[in-house]
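>>> give the three-dimensional model of this entry:
(3 chains)
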Amino acid sequence: MSEVGETDAEGRGSPRAALRRVDGEVILLWTLPVAVTLWVACFFLFPGFNPPMSPTMPAEQVAAFYRDPAHLPEIRYSMIVFNWFGVCLVPILTLIVLQIRRMAHRTPIFSYAMLGCVAGAPTLFLVANVCWLLAAFRPERSPELTQLLNDFGWITFTILVPFLIGQSVILAVAIYFDDQPRPVFNRWVAHFNLLVAAALVPAAFVGVALTGPLAWDGFLSFWLKNVAIAVWIVVMGVVLGQAVYRERAEYRQQGEELVTA
Amino acid sequence: MSEVGEARKRVRFVPGQPDMWAFVFFETLVFTGYFGFYLFYRARSPELFLQAQAQLDLRIGVFNTLVLLLSSWSVARCVQSSRAGAYRPALKDAFLTAFFGAVFMVSKVLEWATQIHLGNGFASNDFFTYYYFLTGIHFVHLLIGFVVLGVVIYQLRSPARRSQELIETCATYWHTVDFLWVLIFALLYVVR
Amino acid sequence: MSAVLTPPASAATPPSGPLHHRIAWHLRHNPKRELWLAWWTVVVFYNLFFPVFFIVAQVQPPPQPTWDLATQVHWFHERQLGIPIGFGIIFAIGGMTAINNALIAYSMRRMSVSRAFAYSYLIIYSLSAIPGLYLLCIALIVGTLRPERDPEAVGWLYDFAFLSFDGTMGVFLIGSLIWMLAILLDKNRVFPKWFGYLNLCNALTEVVVAPCWIFRRGVLAWNGQIAWWLDMVVFGVYQITFIVMLFQMIRREDFGTGPLPDLPRKPKVDRSDVEAAA
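You can find the predicted model right below:
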């Protein structure tokens, strides 16, 4: 019994070869727009993002931010909803892993590497999320401790890029190596992913300064990083959807050929 | 060259897999490192170490050493029997080795309990840090030894298996456990 | 289902000429290009990783657990730029570890043992990077962020970082044992048995590091001669060995499911290796 995605010597055309089970993938795919809507809503709800909190705020000001009665519910509810739906990206990334398995590679190395990346970013995001929720839980805490939690949350949130850079580069290389007449993803998707990876690199250097473009509220570490992630999610969502639907159409066609054969 | 032919060729030069001997050599190097640190720090504070060492019961140490030496003897007998094709005695010897190993294990745990009762814990003083560390890491090797004996017993049980090379490899490992204990015994209990 | 990549019928020979031409040819035509790309990624990663930790950020060898808070604050102050820049590099290239793990998982898939070994290893190591590497880097970065921070908070970050590094070895312990078990059970001779035993040595070394949670001084502290120095030596030997072992495996790879063929012993390795690759 061949495992999902096993290289089949007779190719996909053989009617006897086990077709990949694709039921339910469309449902998983359509969870993405729902998740994105929730994330965007929470993003704008969290007062720390609009505008992004400055790293130069002294401890007293940070404590005041968390003690502000107008901010508290916004912080808590946005972060709680983020907490629930933070991992919603994982099924989508897994669908991409399965599409990589369809590419013309000799080994499953790229899908393994991609799989290794998928859980990382949501996990680090959850750490940041917990830090902010902790800071908001006992706002009467000493300002230095609140500032420490806030710092930890912000640095983690900004610096969670290694998995995202990794998955973009791996996907790009996988696409470049996908030598078939009709590749799973078009070449421009690979170029796009490399561009996104490059855009995410500056955020890794968030610890260098408290002001300027690299600071966690700066142009490179906040705006470029988050916009790049947002654009990646939208573009990959569409491209993935096309690939998934195309695959289903091909299976339906094969099924019809079987019947008419 | 066939697997059997290669195995027979290897048996002539070294018992068991040469790979296991590489492992033995590496582990011995690492333990030499541990012993080196022990001796170095012992030389730095000889009175403390002597005082702490006096708390150890030499008789238990001797007993443990005897038990492991007996286990080495029984595992060597096991290898001999299996080489001669006498698999039932070999199996009995393997179980005997495991029995001796278990005796050692119980004795060691009791000794640790006694020392803790006396107030000598892992972090009590430098000597006892080394004591628990060395006997502890040796204990881990002993536990692995039980798995290894399990492999021997598994091999001996069914005529479909009974790879002489594997049995000798496992025996080599068991002898290493014994050998390392003798060194630890000498350092911790005897050298005063 | 993956599509099939049919190799060219003729034995393709790489062109002679400038290095970048040859690399480009290999990237386009070498049937093992995925494996070689993965292997070179591993080499590049470790060549960046160790200099960053030892030279740029200067967080290894680790400082002492016994320092008072003022000294710890001073230690952070000295590395105010080195740590964020060095770890910035680590976070930028961190994705390479996924390729490292994928290559090792692939080696287990090539073996005759169950896929469970490859997947377990992949998951364990993928997640291990967070408590074992990233969180501690974040803690150190946060430590350098504000020189005026309360020394007690800095002390907490200091402990968190160095104990995370030495004290989360359980991951590598179990991971090494899984690889060891796969190698010892393997009938495809992907790796020699002594390499399996070396994995056991590495696993045992990780056990030895655990007392760093108990001791603040001496050989078993997080900077101790046994818990750090000896551990690093064993770990270094292990790293270099497994990189060489993966190299050998890729050279021998025939993309089959049976025993991996040995490398030809004749000095004319180039021609036979190319023919084997065809």
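>>> going forward, measure contacts between C-alpha atoms and count neighbours the same way
Noted.
>>> pLDDT wise, what is residue 66 at?
Since you didn't name a chain, this refers to chain A. Reported pLDDT at A:Tyr66 in the predicted model: 92.
>>> not quite, go with chain B.
Note on B:Leu66: pLDDT of 95.
>>> where in chain A is pLDDT low?
Within chain A, the stretches with pLDDT under 70 are A:1-19, A:260-261.
>>> same thing but 90
When residues are selected by pLDDT under 90, those of chain A lie in A:1-25, A:47-51, A:71-72, A:82-89, A:104, A:119-123, A:139, A:141, A:179-182, A:248-261.
>>> and the helices in it?
Ranges of helices within chain A are A:25-45, A:59-67, A:71-85, A:89-101, A:109-118, A:120-137, A:143-159, A:161-176, A:187-200, A:225-260, based on DSSP state H.
>>> elements contacting the fourth one?
Judged by 3 or more Cα pairs under 8 Å, 6 or more residues apart in numbering or on different chains; DSSP states H and E, the packing partners of helix A:89-101 are helix A:25-45, helix A:109-118, helix A:225-260.
>>> can you map out the helices along the stretch 151-278 of chain C?
Using DSSP state H, counting those that start in this stretch, the helices of the stretch 151-278 of chain C run over C:151-167, C:170-185, C:193-209, C:231-252, C:269-277.
>>> do you know which of the ones you listed lies nearest chain A?
Among the helices of the stretch 151-278 of chain C, helix C:151-167 comes nearest to chain A, with 7.6 Å by Cα to the nearest Cα.
>>> give the rounded mean pLDDT of that closest one.
On average, helix C:151-167 scores 89.
>>> how many neighbouring residues does the residue in the stretch 151-261 of chain A that chain B sits nearest to have?
Nearest residue of the stretch 151-261 of chain A to chain B (Cα to the nearest Cα) works out as A:Phe152 at 33.3 Å. Counted with other Cα atoms under 10 Å in any protein chain shown, residues neighbouring A:Phe152 total 22.
>>> what sits against it?
A:128, A:131, C:138-139, C:142 (Cα atoms under 8 Å, 6 or more residues apart in numbering or on different chains).
>>> ranges for the strands of chain B?
In chain B, no segments count as strands under DSSP state E.
>>> chain C contacts on that one?
Neighbours of chain C within chain B, by Cα under 8 Å from any Cα of the partner chain: B:18-20, B:22-23, B:26-27, B:30, B:33-34, B:37, B:123, B:126, B:137.
>>> stretch A:198-212 spans what distance, first to last residue?
End-to-end distance for stretch A:198-212, by Cα to Cα, to the nearest Å: 19 Å.
>>> buried set for that stretch?
Neighbour counts over stretch A:198-212 (16 or more other Cα atoms under 10 Å in any protein chain shown) mark A:198-210 as buried.
>>> check stretch B:58-74 too.
Of all the residues in stretch B:58-74, those buried under the rule 16+ other Cα under 10 Å are B:61, B:64-72, B:74.
>>> cool, and stretch A:174-181?
Neighbour counts using 16+ other Cα under 10 Å place A:174-179 of stretch A:174-181 among the buried residues.
>>> quote the end-to-end distance of that stretch.
The first-to-last residue distance of stretch A:174-181 comes to 15 Å (Cα to Cα).
>>> can I get the buried residues of stretch A:198-212 in JSON lines with distance to C:Arg110?
Below are the buried residues of stretch A:198-212 laid out as JSON lines (distance: Cα to Cα, whole Å):
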{"residue": "A:Ala198", "distance to C:Arg110": "34"}
{"residue": "A:Ala199", "distance to C:Arg110": "36"}
{"residue": "A:Leu200", "distance to C:Arg110": "35"}
{"residue": "A:Val201", "distance to C:Arg110": "34"}
{"residue": "A:Pro202", "distance to C:Arg110": "38"}
{"residue": "A:Ala203", "distance to C:Arg110": "38"}
{"residue": "A:Ala204", "distance to C:Arg110": "36"}
{"residue": "A:Phe205", "distance to C:Arg110": "39"}
{"residue": "A:Val206", "distance to C:Arg110": "41"}
{"residue": "A:Gly207", "distance to C:Arg110": "42"}
{"residue": "A:Val208", "distance to C:Arg110": "44"}
{"residue": "A:Ala209", "distance to C:Arg110": "47"}
{"residue": "A:Leu210", "distance to C:Arg110": "49"}
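>>> out of those residues, which touch chain C?
By Cα under 8 Å from any Cα, the members of the buried residues of stretch A:198-212 lying near chain C are A:201, A:204-210.
>>> give the contact list for residue 217.
I went with chain A, as the question did not name one. Listed by Cα under 8 Å, 6+ apart, the contact set of A:Asp217 reads A:52-55, A:211, A:223.
>>> other chain: chain C
Listed by Cα under 8 Å, 6+ apart, the contact partners of C:Arg217 are C:64-66, C:224.
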